[in-house]
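Student: 3D, please:
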Amino acid sequence: MEAFFCYNKSSPATEQPPARHSACRRDRHYPIHQFGKVMAAEDLREHARVPVRWRAALIVNGDNNHVHEGLTVEISKGGCGLFIDKQILIGSNVRLILEIPGGPGGNKIHLQQECQVVHCSLMGNISQFRTGLRFRSLTAENEKTLSRFIRS
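Tutor: I've put the predicted structure just below:
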């Protein structure tokens, strides 16, 4: 049986997910293994993340093909995180272009993938927006390219 833990100190561990508290967000409730170990967010993810620093460009659909340049932070078979200079609305559909080093003969690979923005928040200490993208219908070719860098 799985219990749930909430960082709100007024909520003890219970056998059922607790009701939403005014002091907690829904995603602040973390399941506990039967042995009492709190699961990390990484344990709840569908795909393993790998830290990478690749040049990236985003083209927002309906933004007159304006290119927003950035740098990736991490990538998985489900999406990626990157830093960009401009805020993009959550839910926006974008085309991601990645410049991946280490191609044949030392050339760079340019991967293009349709994505959806799932989060975008300002990181004040670097004055950039940490942006999370979910891949939409990852192509077989792109999945093969990414699998060279991601072990799942």
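
Student: Show me what the biggest helix by length in the chain is packed up against.
Tutor: Longest among the helix segments of the chain by residue count, using DSSP state H, is helix 140-147. Helix 140-147 sits against strand 109-123, with contacts defined as 3 or more Cβ pairs under 8 Å, 6 or more residues apart in numbering; DSSP states H and E. For the C-beta atoms, the positions are set from N, CA and C on the backbone; glycine is no exception.

Student: Report the buried residues of the strand it packs on.
Tutor: Burial within strand 109-123, assessed by neighbour count using 16 or more other Cβ atoms under 10 Å, is assigned to L111, Q113, E114, C115, V117, C120.

Student: That one - what's its average pLDDT?
Tutor: Mean pLDDT, strand 109-123: 94.

Student: what do you get for stretch 71-85?
Tutor: For stretch 71-85, mean pLDDT rounds to 94.

Student: surely Q116 meets I88?
Tutor: No. Using Cβ atoms under 8 Å, Q116 is not in contact with I88, being 10.4 Å away.

Student: and G79, how far is that from C115?
Tutor: 7 Å (Cβ to Cβ, to the nearest Å).

Student: Common neighbours of the two, please.
Tutor: L133, R134, F135 (Cβ atoms under 8 Å, 6 or more residues apart in numbering).

Student: still on that earlier bit, need the overlap of contacts for Q116 and I88.
Tutor: With Cβ under 8 Å, 6+ apart as the test, Q116 and I88 both reach V94.

Student: Dump the C-alpha coordinates for stretch 66-76 into PDB.
Tutor: What follows is stretch 66-76, C-alpha atoms only, in PDB (Å, rounded to 0.1, in the frame of the first residue of the first chain):
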ATOM      1  CA  HIS A  66      11.000  34.900 -35.400                       C
ATOM      2  CA  VAL A  67      13.900  32.800 -34.100                       C
ATOM      3  CA  HIS A  68      14.600  32.700 -30.300                       C
ATOM      4  CA  GLU A  69      18.100  31.400 -29.600                       C
ATOM      5  CA  GLY A  70      18.900  29.400 -26.500                       C
ATOM      6  CA  LEU A  71      20.900  26.700 -24.800                       C
ATOM      7  CA  THR A  72      19.600  23.400 -23.600                       C
ATOM      8  CA  VAL A  73      19.900  22.300 -20.000                       C
ATOM      9  CA  GLU A  74      18.700  18.700 -20.200                       C
ATOM     10  CA  ILE A  75      17.000  16.400 -22.700                       C
ATOM     11  CA  SER A  76      14.900  13.200 -22.600                       C
END
